[in-house]
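Engineer: what shape does this take:
(chains A and B)
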Amino acid sequence: MKAAILAGGKGTRVRPITETVPKPMIPIINKPLMEFLVDLLRAHGFDEILVTTSYLASEIENYFRDGSRFGVQIGYSFEGFYSDGTIVPAGLGSAGGLKKIQDFSGFFDDTFLVLCGDAIIDLDLTRALELHRRNGALATIVLKEVAPEVVSRYGVVETAADGRILRFQEKPAPQDAITNLANTGIYIFEPQVLEYVTSGQSSDIGFDLFPQLAEKQLPFYGIVLPFSWIDIGSTSDYWQATQMILRGEFKVEMPGRQLKPNIWGGINLEVDLDHTDIQGPVYLGSSSRVEPGAVITGPTVIGRNCVVETGARVDACIIGDYTRVSSFAEIHDKIVSGRFCVDRFGAQVDLARAGYTFVIDDTRERRAWTAEQQILIDFLRSPDFQQLAAR
Amino acid sequence: MTVMKGTPKRPRLDVLDRDGITVVIPSGPRLDAEVAGELRNTLIDLIDEGARKLVLDLPAVDFIDSSGLGALVSALKRLKQADPSGDIRLADVQPSVRAVLEIIRLHRVFAQFGTLDEALESFGATV
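Structural biologist: Numbers count the residues shown, from 1 in each chain, chains lettered A, B, ... in the order given. Below is the predicted model of the structure:
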């Protein structure tokens, strides 16, 4: 069976993480978000997957390649162009991207599934497909009830008793919302649905295609199934999603191996679990070093090739690959990604620009401290600091 | 040709006395290398002139780099040498500045208060 993953988005609200990593490649416990989708598709028999790419396309394409490593066939539809050897993304929108694929080869020749590359789900896709067919639908949206105060982040729909979609409302203000049944970005389409999309133009499934289907009273259904759905729309969603997964509220197979109850790790680790204060759930990425006397409290993910020095305190954090957390650092509820530190509400600090590389830095950097940094380092090491900090 | 140089600048730090407590208010949004020297010198001069209870009021500041924090630490060290019971407290600290203080553990050294009045009250002032 065939499926499409929409993976061309820029992920503006997940900056600065998406400065270097496209949203589908954001690591969830060191595994790209989109890989969870590919695993799910394979498990339900979707073995031909077309991925629309644009922003940082090569990051996605170089990881998934032809899909054989993941037990499926993967192809790409790139939306953009080269200018002086540099990729310029030019997304066609979710509907325009599917239309481009169809115009190219008629790839979608039977019922197909469409997923957005920015959410992790554990939906029973086989069951969803059965319902779509039973309804004789041209298009089906998988819906999920969301809290009324967050409806403005989603498209919401009103359905008749039989599931037929009556009205579609994109990102309404909470007081104007017709329902709290949100579009999850999981769709099942018949190929004929693409006849309602104009070739060569940018268009969106939610804004352009769905209102047409509803207006023309075509067989357009919404189905509500029990499943977990973690949508990574912003940096705080990303932090929250990782917390939930580590706490076991969303079941995923932990990578690596279990080192102790509630502590998992990759290979080539340098950590003495008897002399390090690690309170799970914690995942330690391969080739990382946790020095004796470091304190790590879960739910926390330490990336690959990281160093957590003696005296460092890390609590409920996502630490990106190649990060050195020095003995001076105390980080709670943060995402550290490259030179940036982002708190759970999205406030960010560019640590390198602000001169705090002696606190948190890339493990591969070799730096000399400035006079100002040395003043701080000397103070933080002094008995005065210990005394004042203990007040 | 006349070259205009040295346009008079607004002082980047305002200093007030409130009920015997010295209040220093940076007017710009950044406490960085450009302001750090002035901040350190101002605070140290105030301490040398006898200030023992100081509040840095920071509603306008949304960026503090390592030189800005270095200036604060230098002043605190000077104060503690002069009088161990003296203190520098912070008021109205913005989230991005608070995040930095926490990451580097200096929130344990510089007590923070939501408003200037609360910081003044913490020193026993009547506001």
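
Engineer: backbone dihedrals for the residue most central in space within chain B, please?
Structural biologist: By CA atoms, centre = their mean, chain B has its centre lying nearest to B:L56, at 3.5 Å. Main-chain dihedrals, B:L56, degrees, to the nearest 10: phi -100, psi 120.

Engineer: do the same with A:R364
Structural biologist: Torsion angles, degrees, to the nearest 10, at A:R364: phi -90, psi -10.

Engineer: the residue nearest to the centre of chain B reaches B:V24, doesn't it?
Structural biologist: Yes - contact criterion CB atoms under 8 Å: B:L56 and B:V24 qualify, at 5.2 Å. Any C-beta I mention is one placed from the backbone N, CA and C, and that applies to glycine too.

Engineer: for stretch A:215-225, which positions count as buried?
Structural biologist: A:L218, A:F220, A:Y221, A:G222, A:I223 (16 or more other CB atoms under 10 Å in any protein chain shown).

Engineer: now the end-to-end length of that stretch.
Structural biologist: 25 Å (CA to CA, to the nearest Å).

Engineer: quick one, helices of chain B?
Structural biologist: Under the criterion DSSP state H, chain B contains helices at B:33-48, B:66-82, B:95-103, B:116-122.

Engineer: longest strand in chain A, by number of residues?
Structural biologist: In chain A, taking DSSP state E as the definition, the longest strand is strand A:181-189.

Engineer: packing partners for it?
Structural biologist: strand A:112-116, strand A:119-121, helix A:125-135, strand A:139-145, strand A:155-159, strand A:229-231 (3 or more CB pairs under 8 Å, 6 or more residues apart in numbering or on different chains; DSSP states H and E).

Engineer: tell me which of these sits nearest to chain B.
Structural biologist: strand A:229-231 (24.5 Å; CB to the nearest CB).

Engineer: pLDDT on the closest one, on average?
Structural biologist: The pLDDT scores in strand A:229-231 average 85.

Engineer: contacts for that strand, please.
Structural biologist: A:118-121, A:123, A:144, A:184-185, A:237, A:240-241, A:244-245, A:250 (CB atoms under 8 Å, 6 or more residues apart in numbering or on different chains).

Engineer: report the residue spans of chain A with pLDDT below the cut-off.
Structural biologist: Regions of chain A meeting the criterion pLDDT under 70 cover residues A:11-12, A:14, A:391.

Engineer: show me which residues of chain A sit near chain B.
Structural biologist: Chain A has residues A:328-332, A:334, A:341, A:343, A:345, A:347-349, A:351, A:353-356, A:358-360, A:370, A:372-373, A:375-376, A:379-380, A:384-385, A:388-391 near chain B, with proximity defined as CB under 8 Å from any CB of the partner chain.

Engineer: select only the buried ones of those in PyMOL?
Structural biologist: The PyMOL command for the buried members of the residues of chain A next to chain B (criterion: 16+ other CB under 10 Å) is given here:
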select buried, chain A and resi 328+329+330+331+334+341+343+347+348+349+351+354+355+356+358+359+360+370+372+373+375+376+379+380+384+385+388
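
Engineer: from the residues of chain A next to chain B, which ones fall inside helices?
Structural biologist: A:E372, A:Q373, A:I375, A:L376, A:F379, A:L380, A:D384, A:F385, A:L388, A:A389.

Engineer: quick check on the residue of chain A found nearest chain B: phi, psi?
Structural biologist: Using CB to the nearest CB, A:G355 is the residue of chain A that sits closest to chain B, at 3.3 Å. Backbone torsions for A:G355, taken as degrees, to the nearest 10, come to phi 80, psi 30.

Engineer: list just the nearest of the contacts of strand A:229-231 to B:D62.
Structural biologist: For those, the closest approach to B:D62 (CB to CB) belongs to A:D237, at 24.0 Å.

Engineer: next, count neighbours for that closest one.
Structural biologist: For A:D237, the count of nearby residues is 18 (other CB atoms under 10 Å in any protein chain shown).

Engineer: and what of the one 4 residues further on?
Structural biologist: For A:A241, the tally of surrounding residues (other CB under 10 Å) stands at 22.

Engineer: that one: which element?
Structural biologist: helix A:235-246 (DSSP states H and E).

Engineer: give the buried residues for that helix.
Structural biologist: Here helix A:235-246 shows A:T235, A:S236, A:D237, A:Y238, A:W239, A:A241, A:T242, A:Q243, A:I245, A:L246 as buried, counting by 16+ other CB under 10 Å.

Engineer: what's the answer for stretch B:35-42, then?
Structural biologist: B:V35, B:A36, B:L39, B:R40, B:T42.

Engineer: now stretch B:85-103
Structural biologist: B:86-94, B:96-103.

Engineer: does it reach chain A?
Structural biologist: Yes - judged by CB under 8 Å from any CB, stretch B:85-103 comes into contact with chain A at B:P95, B:S96, B:A99, B:V100, B:E102, B:I103.

Engineer: leaving out chain neighbours, which residue sits closest to the closest residue to chain A within chain B?
Structural biologist: Residue nearest to chain A within chain B: B:S66 (3.3 Å; CB to the nearest CB). Spatial nearest neighbour of B:S66, excluding adjacent residues (CB to CB, 6 or more residues apart in numbering or on different chains): A:G355 at 3.3 Å.

Engineer: my guess is the one you found contacts A:Q373, does it?
Structural biologist: Yes - counting by CB under 8 Å, A:G355 does reach A:Q373; the two are 6.1 Å apart.

Engineer: which residues are in contact with both of those two?
Structural biologist: Joint contacts of A:G355 and A:Q373 (CB under 8 Å, 6+ apart) are B:S66.

Engineer: hmm, back to that, can I get the helices of chain B in CSV including mean pLDDT?
Structural biologist: Shown next, in CSV, are these (pLDDT from 0 to 100):
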stretch, mean pLDDT
helix B:33-48, 94
helix B:66-82, 94
helix B:95-103, 91
helix B:116-122, 96
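
Engineer: redo the ones you listed as CSV? Include distance to A:T179.
Structural biologist: Formatted as CSV, the helices of chain B follow (distance: least, CB to CB, whole Å):
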stretch, distance to A:T179
helix B:33-48, 53
helix B:66-82, 50
helix B:95-103, 35
helix B:116-122, 45
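
Engineer: which strand residues bridge A:E145?
Structural biologist: Beta bridges link A:E145 to A:L181, judged by DSSP bridges.

Engineer: show me what from chain B comes close to chain A.
Structural biologist: By CB under 8 Å from any CB, the residues of chain B that approach chain A are B:33, B:36, B:63-67, B:69-70, B:73-74, B:76-77, B:80, B:95-96, B:99-100, B:102-105, B:108-109.

Engineer: from those, keep the buried residues only.
Structural biologist: B:33, B:36, B:63-67, B:69-70, B:73-74, B:76-77, B:80, B:96, B:99-100, B:102-105, B:108-109.

Engineer: quick one: which of the helices of chain B is nearest A:I29?
Structural biologist: Closest among the helices of chain B, using CB to CB: helix B:95-103, at 23.2 Å.

Engineer: before we move on, back to that, turn the residues of stretch B:85-103 next to chain A into CSV, columns for distance to A:Y196.
Structural biologist: Formatted as CSV, the residues of stretch B:85-103 next to chain A follow (distance: CB to CB, whole Å):
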residue, distance to A:Y196
B:P95, 46
B:S96, 46
B:A99, 48
B:V100, 52
B:E102, 52
B:I103, 51
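
Engineer: what's the closest of the residues you listed to A:A161?
Structural biologist: B:P95 (47.6 Å).

Engineer: residue contacts, the closest one?
Structural biologist: A:D343, A:F345, A:A347.

Engineer: how about a cut-off of 7 Å?
Structural biologist: Counting by CB atoms under 7 Å, 6 or more residues apart in numbering or on different chains, B:P95 touches A:A347.

Engineer: try B:V100
Structural biologist: By CB under 7 Å, 6+ apart, the residues touching B:V100 are A:V349, A:A354, A:Y356, B:I64.
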